[in-house]
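In: I'll drop the sequence and a predicted model, then ask my questions.
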Amino acid sequence: MSVDLDHVQLAIPPGGEAAADEFYVGFLGLAVLDKPPALAARGGRWYATGTLQIHLGVDRDFRPARKAHPAFRVRDFDALRHAFLAADIDVRDDTEIEGVDRFYVDDPFGNRVELIRG
């Protein structure tokens, strides 16, 4: 059996699409994908980079994911870290895994996102 990851889903509050674009497109450089019409009416946003997709679904009873999270390998790791700091976004460095350079930030809704030097 072969298994590949198709996408990761995170929740956002209603009306969060513009803020999501600022973070996922503006900082991470992901591309916006068109949602299928039947799903587009629900709101939210889909993004992609390479073969990975991130789906943000609207949850009217939204609670941020504080533990569960996507982790992105980032080629311009130092530049991205600096961009977050310059935008006054809290960067939480993590040195618990020897040889792995990484940090965490929260998206505009409080969902945890991990960035790994790649």
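Out: Here it is on my side, so go on.
In: quick one: buried residues of the lowest-mean-pLDDT helix or strand in the chain?
Out: Between all helices and strands in the chain, the lowest mean by mean pLDDT, DSSP states H and E belongs to helix 37-40, at a mean of 94. Using 16 or more other Cβ atoms under 10 Å as the test for burial, helix 37-40 gives no buried residues. C-beta here means a position set from N, CA and C on the backbone, and glycine is covered the same way.
In: so what pairs up with Ile54 in the strands?
Out: Ile54 forms beta bridges with Val8, Tyr47, as assigned by DSSP bridges.
In: how about Leu56, secondary structure?
Out: strand (DSSP: H, G, I helix; E, B strand; the rest coil).
In: surely it touches Arg42?
Out: No - Leu56 lies out of contact with Arg42 (Cβ atoms under 8 Å); the separation is 10.9 Å.
In: more neighbours, these two?
Out: It is Leu56, of Leu56 and Arg42, that has more neighbours when counted by other Cβ atoms under 10 Å, with 24 against 9.
In: what about the more buried one, distance to Val113?
Out: 12 Å (Cβ to Cβ, to the nearest Å).
In: tell me the gap between stretch 63-77 and the middle of its chain.
Out: On the basis of Cα atoms, centre = their mean, to the nearest Å, stretch 63-77 sits 6 Å off its chain's mean C-alpha point.
In: measure the residue lying closest to Pro108 once chain neighbours are set aside to Gly118 for me?
Out: Nearest residue to Pro108 in three dimensions, chain neighbours excluded: Ala19, at 4.0 Å (Cβ to Cβ, 6 or more residues apart in numbering). Shown here: Ala19 relative to Gly118, a distance of 25 Å by Cβ to Cβ.
In: so which of the two has more stuff around it?
Out: Higher neighbour count among Ala19 and Gly118: Ala19, with 15 against 12, using other Cβ under 10 Å.
In: how about the strands in this structure?
Out: Using DSSP state E, the strands found in the chain span residues 7-12, 31-33, 45-49, 52-58, 71-74, 92-94, 102-106, 112-117.
In: now render those strands as CSV, adding distance to Arg81 and mean pLDDT.
Out: Below are these laid out as CSV (distance: least, Cβ to Cβ, whole Å; pLDDT from 0 to 100):
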stretch, distance to Arg81, mean pLDDT
strand 7-12, 21, 97
strand 31-33, 22, 98
strand 45-49, 18, 96
strand 52-58, 20, 96
strand 71-74, 9, 96
strand 92-94, 9, 97
strand 102-106, 6, 98
strand 112-117, 7, 98
